[in-house]
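>>> how would this look folded up:
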Amino acid sequence: MRVRGEVGALPDLVFAAAAEPPRLAEWLPEPLAVVGVNGDVLIVSVDGRPRQFRVLADFDRLELTWEPLAEGGPAARLRAELAGVGGSVVQLELECAGASDEELGELAARLLVELGKSVERELAQD
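Modelled structure (predicted):
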């Protein structure tokens with residue numbers, strides 16, 4: 001399931017909020033929570049169960065991929081692109097066996113809203 005949304009910040013700021021584990025922990029909504037980081041492996045609690053993801057960041061394309069280390073686990077890809085002056089269009093693609101397109105679409109939309117709020121809070125502090 002792929003969802004697109006707009007964020008009122010430059011793409012590199014949006015990408016940094018999504019790519020850096022401490023910042024990621026600030027905007028992941030329930031039932032997701034960052035549990036830990038080990039190198040390029042991110043450990044996330046999904047509905048109370050720990051899942052490990054290899055995080056691949058392409059800084060040139062501002063694309064971030066979370067690949068599950070266990071088969072059948074959820075996967076995600078996020079890409080930020082410039083939209084107008086000082087704004088971004090963010091595309092988030094989620095895949096998860098056993099989840100409906102409706103569930104994935106709702107979660108992806110919530111994730112984009114929370115990411116946007118996190119970036120806006122950070123800009124307000126600067």
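>>> From now on I want contacts and neighbour counts done on CA atoms only, so please keep to that.
OK.
>>> pLDDT below threshold where in the protein?
Along the chain, the model assigns pLDDT under 70 to residues 72, 126.
>>> For it, which segments count as helices?
Secondary structure of the chain by DSSP state H: the helices cover 11-19, 21-27, 101-125.
>>> Could you look over the ones you listed and pick the most buried one?
Each of these was scored by mean neighbour count; the highest is helix 11-19, a mean of 21, by mean count of other CA atoms under 10 Å.
>>> So which elements touch it?
Helix 11-19 is packed against helix 21-27, strand 63-68, strand 75-82, strand 88-95, helix 101-125, with contacts defined by 3 or more CA pairs under 8 Å, 6 or more residues apart in numbering; DSSP states H and E.
>>> And the first one, what does it pack against?
Secondary-structure packing of helix 21-27 (3+ CA pairs under 8 Å, 6+ apart): helix 11-19, strand 32-38, helix 101-125.
>>> How about residues contacting that helix?
Taking CA atoms under 8 Å, 6 or more residues apart in numbering as the criterion, the residues outside helix 21-27 that touch it are A16, A17, A18, A33, V34, V37, L42, L111, E114, L115, K117, S118.
>>> sorry, back to before: how about CSV for the helices and strands packed on helix 11-19, with distance to R2 added?
Putting these into CSV (distance: least, CA to CA, whole Å) gives the following:
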stretch, distance to R2
helix 21-27, 19
strand 63-68, 14
strand 75-82, 9
strand 88-95, 4
helix 101-125, 7
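>>> Quick one: closest of these to D47.
helix 101-125 (12.8 Å; CA to CA).
>>> Mind picking the two most distant members of the contacts of helix 21-27?
With CA to CA as the measure, no two of those lie farther apart than V37 and K117, at 23.3 Å.
>>> which residues does L32 bridge with?
With DSSP bridges as the criterion, L32 is bridged to V46.
>>> Need the nearest residue in space to the most centrally placed residue in the chain, chain neighbours excluded.
For the chain, the residue whose C-alpha lies nearest the mean C-alpha position (CA atoms, centre = their mean) is A18; its distance is 5.1 Å. Taking CA to CA, 6 or more residues apart in numbering, and ignoring the residues beside it in sequence, A18 has L24 as its nearest neighbour in space, at 5.3 Å.
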